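Trainee: no sequence on this one, just coordinates:
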């Protein structure tokens, strides 16, 4: 077993940085090819053109983490919850420290 010691102060600073983070997932229709990282960023750029800087990290299986440059921008995105990105639906939800994409089961689907 491997363990890593993290000082409480460092952990709390890391948690503070995550206050501008959201999780998201892409809902595709059956048979659709997954979006590439670049394709997703292009589609989101169009939807979020009114926002400041943001960055995206792919967790695989259609799950992503988004970091926003401001709390206000993050709240604007979270207020919408589900974004229509042309043929794909993009669902946004609040960041949690115990999020594990591999254990997530999609409870929404596109009809």
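Mentor: Perfect, thanks for sending it. The structure presented is a predicted model; accordingly, all values stated were derived computationally and were not measured.

Trainee: run through the bridge partners of residue 66.
Mentor: Beta-bridge pairing for residue 66 (DSSP bridges): residue 22, residue 56.

Trainee: thought it was touching residue 40?
Mentor: No. Under the criterion of C-beta atoms under 8 Å, residue 66 makes no contact with residue 40, lying 10.7 Å away. Every residue, glycine included, has its C-beta placed from N, CA and C.

Trainee: who touches both of those two?
Mentor: Taking C-beta atoms under 8 Å, 6 or more residues apart in numbering as the criterion, residue 66 and residue 40 both touch residue 56.

Trainee: how far does stretch 54-74 sit from its chain's centre?
Mentor: Chain-centre distance of stretch 54-74: 4 Å, with C-alpha atoms, centre = their mean, to the nearest Å.

Trainee: oops, could you answer that again for stretch 13-20 instead?
Mentor: Using C-alpha atoms, centre = their mean, the offset of stretch 13-20 from its chain centre is 15 Å.

Trainee: mind listing what's buried along it?
Mentor: Buried residues in stretch 13-20, counting neighbours by 16 or more other C-beta atoms under 10 Å, are found at residue 20.

Trainee: average pLDDT for it, rounded please.
Mentor: What stretch 13-20 shows for mean pLDDT is 85.

Trainee: other residues contacting it?
Mentor: Contacts with stretch 13-20, where a contact means C-beta under 8 Å, 6+ apart, come from 67, 68, 69, 70, 71, 73, 74, 95, 97.

Trainee: how would you label residue 30: helix, strand or coil?
Mentor: Three-state call for residue 30 (DSSP: H, G, I helix; E, B strand; the rest coil): coil.
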